[in-house]
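Asker: I would like to see how this sequence folds:
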Amino acid sequence: LDMAPMSGDDAATVMRAWSFGCLCLLVTLSCDTSTESGGTGDVTVSPDSLLGDDTEGGADGPDATSSDGSEEVTEEPDIHVEGPPASLETALTDPTRDSICPDLDGEDLVWYEAKPIPAMRVEGQETDCLACPGCGQCEWNLRHKRVSGGAETLIAVEQYAQTAPQVGDGLVTWLHSDGTAGVFELETGALHTVKAPTNSYFNWAPTPSQGALWWYGYNYVTGGSGIHVTDIDSGATEMKVQANIYENWSTPNGTLNSVTRSQPFSLAGGGATWTDWGNSSQLVRRWSAGSSAAEIAWEDPTRDFTAAVGLDDGRLITKSYDRALGCSEMACQPEIRLHDGKSVKELTGKGHPTLYGRPVVAGGRVFWLDFRDGPYAIWSRRLDDLATGPERLSSEEAVLGAAAPVAASESHLAWMDRRDGIWRIYVKALAR
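Answerer: So this is what the prediction gives:
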């Protein structure tokens, strides 16, 4: 199982180094605030607030109507729910080290653990691994544990934390510091390295699914972007479909927020779903296995879509905001909606989802971060029983953040939590 030779392509290496240098310069120039182009104007984002427990504010958007050809949406009354008891939540990670970026598949949990490097310590200063995950002052330990119990496994140690690790189909994937991807087999303990094809590179750790590695990448010779699939046995890579994936609400680069950001596409039903910014932020596109091109899965001239998740049964979940009102970090009303081809239903119960990341779908539920009551909390909705309304899953004691990712499987929920003064990974069993 030799998925790719380790001999480098000189041109690709030079271009990656040049691109990384430009990115570092950009981050240095924008370390206090970063301005991103939005659907109707500029969006000012404060990186320091994204992983804290700050409260976002914003005005409610108007109810959607169909008088101008837009979606007709089923709305619900405001719902306030007290958080469940903290006794149902368990911290699984070291209480002395920051742990970030959980991902969950069944009972398999993976995450990064930050460990300062003594030799890199600046005298008189305490090393803050989270302030600059790419500065090389810390080791980033990739760990695995079964949430039902058992020992932790140290999978790899990286000099830099780049994007969040992924787990699925018995495989763990992540990005090495040199830009290649690591693949770890949970059953056998075998470790492999995957290199992106010449003139391409990984933007995120590949997602293991359907017996292959799926990833979104850019070819800096042709200037094209697309969703690629790498065969695990042969290492052969094919770009399945061209895609210009909308990433305007990805968090700022060069900070911890860029490590915790969500994968920009979702996989379901043998295909991929994403929001398209190359042609219009109004579009949600879906590619099906065997197709030569993507189709428009949903569009609405009145809304800008920031995230989309395809379901196995063909339904679609989106996150969007009213484009006439625009959107900024402190003044926006995103909505999470379910599209079944015949109707559109708003799922949050007049909540206030975070702008960042995709909703998470697992076990017939959708999960999201919400700050309707002030501090961030994790909320959920059962997709096969919409009559029950949204449900708050995290306790009043949980300390979350706008860009702190949530992971879920059919049986468990996992998230980053700062109630103990540092980031730890908490888990909770889900009621069936």
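
Asker: Strands of the stretch 201-350 of the chain, start to end?
Answerer: 207-209, 212-219, 224-231, 237-242, 266-268, 271-276, 283-287, 295-299, 303-310, 316-322, 335-339, 344-346 (DSSP state E, counting those that start in this stretch).

Asker: Looking at these, spot the one closest to residue 379.
Answerer: Evaluated over those, closeness to residue 379 peaks at strand 335-339, with 9.3 Å, by Cβ to Cβ. (Each C-beta comes from the backbone N, C-alpha and C, glycine too.)

Asker: Kindly present the strands of the stretch 201-350 of the chain as CSV, with separate columns for distance to residue 145 and mean neighbour count.
Answerer: Converted to CSV, the strands of the stretch 201-350 of the chain look like this (distance: least, Cβ to Cβ, whole Å; neighbours: other Cβ atoms under 10 Å):
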stretch, distance to residue 145, mean neighbour count
strand 207-209, 18, 21
strand 212-219, 23, 21
strand 224-231, 27, 20
strand 237-242, 31, 17
strand 266-268, 24, 20
strand 271-276, 29, 26
strand 283-287, 34, 24
strand 295-299, 36, 16
strand 303-310, 26, 26
strand 316-322, 29, 25
strand 335-339, 30, 22
strand 344-346, 36, 18
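
Asker: any chance of the ones you listed in a markdown table, plus mean pLDDT and distance to residue 259?
Answerer: Listed next are those as a markdown table, based on pLDDT from 0 to 100; distance: least, Cβ to Cβ, whole Å:
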| stretch | mean pLDDT | distance to residue 259 |
| --- | --- | --- |
| strand 207-209 | 93 | 16 |
| strand 212-219 | 87 | 16 |
| strand 224-231 | 87 | 21 |
| strand 237-242 | 88 | 24 |
| strand 266-268 | 91 | 20 |
| strand 271-276 | 90 | 21 |
| strand 283-287 | 91 | 26 |
| strand 295-299 | 90 | 29 |
| strand 303-310 | 90 | 18 |
| strand 316-322 | 93 | 21 |
| strand 335-339 | 95 | 24 |
| strand 344-346 | 94 | 31 |
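
Asker: what about residue 301, how many residues close to it?
Answerer: 11 (other Cβ atoms under 10 Å).

Asker: ok, for the residue nearest to the spatial centre of the chain, nearest residue in space, not its chain neighbours?
Answerer: The residue lying closest to the centre of the chain (Cα atoms, centre = their mean) is residue 262, at 1.3 Å. With Cβ to Cβ, 6 or more residues apart in numbering as the criterion, residue 262 has its nearest non-adjacent residue at 4.0 Å, and that residue is residue 357.

Asker: Might you report the residue contacts of the one you found?
Answerer: By Cβ atoms under 8 Å, 6 or more residues apart in numbering, the contact set of residue 357 is 249, 261-262, 307, 369, 403, 405.

Asker: Of the residues you listed, which is the most crowded?
Answerer: residue 403 (30 neighbours).

Asker: and residue 301, what pLDDT?
Answerer: For residue 301, the model assigns a pLDDT of 87.

Asker: go on, residue 44?
Answerer: Confidence score, pLDDT, at residue 44: 32.

Asker: What of the one 5 residues further on?
Answerer: Confidence at residue 49, expressed as pLDDT, is 41.

Asker: Show me where the stretch 251-400 of the chain dips below the pLDDT cut-off.
Answerer: Applying pLDDT under 70 to the stretch 251-400 of the chain flags the ranges 251-255, 277-281, 328-330.

Asker: Now do the helices in it.
Answerer: Here the stretch 251-400 of the chain has its helices, by DSSP state H, counting those that start in this stretch, at 256-260.

Asker: again, but for the stretch 101-250 of the chain
Answerer: Assigned by DSSP H, counting those that start in this stretch, the stretch 101-250 of the chain shows no helices.

Asker: what about residue 369, distance to residue 223?
Answerer: 35 Å (Cβ to Cβ, to the nearest Å).

Asker: Does residue 347 touch residue 338 like I think?
Answerer: Yes - contact status for residue 347 versus residue 338: in contact at 5.6 Å, counting by Cβ atoms under 8 Å.

Asker: roughly how far apart are residue 233 and residue 194?
Answerer: 12 Å.

Asker: With residue 73 instead?
Answerer: Here residue 73 is placed at a distance of 42 Å from residue 194 (Cβ to Cβ).

Asker: just residue 317 next, same as before
Answerer: Distance of residue 317 to residue 194, given as Cβ to Cβ: 30 Å.

Asker: for residue 373, same thing?
Answerer: 43 Å.

Asker: What sits closest to residue 96 if chain neighbours are left out?
Answerer: residue 422 is the one closest to residue 96 (Cβ to Cβ, 6+ apart), at 7.7 Å.

Asker: which ones are touching the one you found?
Answerer: Contacts of residue 422 by Cβ under 8 Å, 6+ apart are 95-98.

Asker: Likewise for residue 416?
Answerer: Here residue 416 is in contact with 51, 99-102, 260, 400-401, 404-405, 423-426 (Cβ under 8 Å, 6+ apart).

Asker: Which members of these occur in strands, if any?
Answerer: Counting by DSSP state E, those place 99-102, 424-426 in strands.

Asker: Tell me the one of those nearest residue 301?
Answerer: residue 101 (36.2 Å).

Asker: which residues touch residue 271?
Answerer: By Cβ under 8 Å, 6+ apart, the residues touching residue 271 are 286-289, 291, 310.

Asker: Could you export the residues you listed as JSON lines, including distance to residue 212?
Answerer: Listed next are the contacts of residue 271 as JSON lines, based on distance: Cβ to Cβ, whole Å:
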{"residue": "286", "distance to residue 212": "18"}
{"residue": "287", "distance to residue 212": "14"}
{"residue": "288", "distance to residue 212": "16"}
{"residue": "289", "distance to residue 212": "11"}
{"residue": "291", "distance to residue 212": "16"}
{"residue": "310", "distance to residue 212": "17"}
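
Asker: Mind picking the two most distant members of these?
Answerer: 291 and 310 (13.4 Å).

Asker: which of the contacts of residue 422 tops the neighbour count?
Answerer: When neighbours are counted by other Cβ under 10 Å, residue 98 leads the contacts of residue 422 with 22 neighbours.

Asker: Phi and psi next, for the spatially closest residue to residue 340 that is not a sequence neighbour.
Answerer: Nearest residue to residue 340, sequence neighbours excluded (Cβ to Cβ, 6+ apart): residue 315, at 4.9 Å. Dihedral angles of residue 315 (phi, psi; degrees, to the nearest 10) stand at phi -70, psi 170.

Asker: Ok, residue 160 next?
Answerer: phi -130, psi 140.

Asker: Over to residue 376?
Answerer: phi -70, psi 150.

Asker: which residues does the closest residue to it other than its chain neighbours contact?
Answerer: Using Cβ to Cβ, 6+ apart and skipping residues adjacent in sequence, the residue nearest residue 376 is residue 400, 3.9 Å away. By Cβ under 8 Å, 6+ apart, residue 400 lies in contact with 53, 369, 375-378, 394, 415-418.
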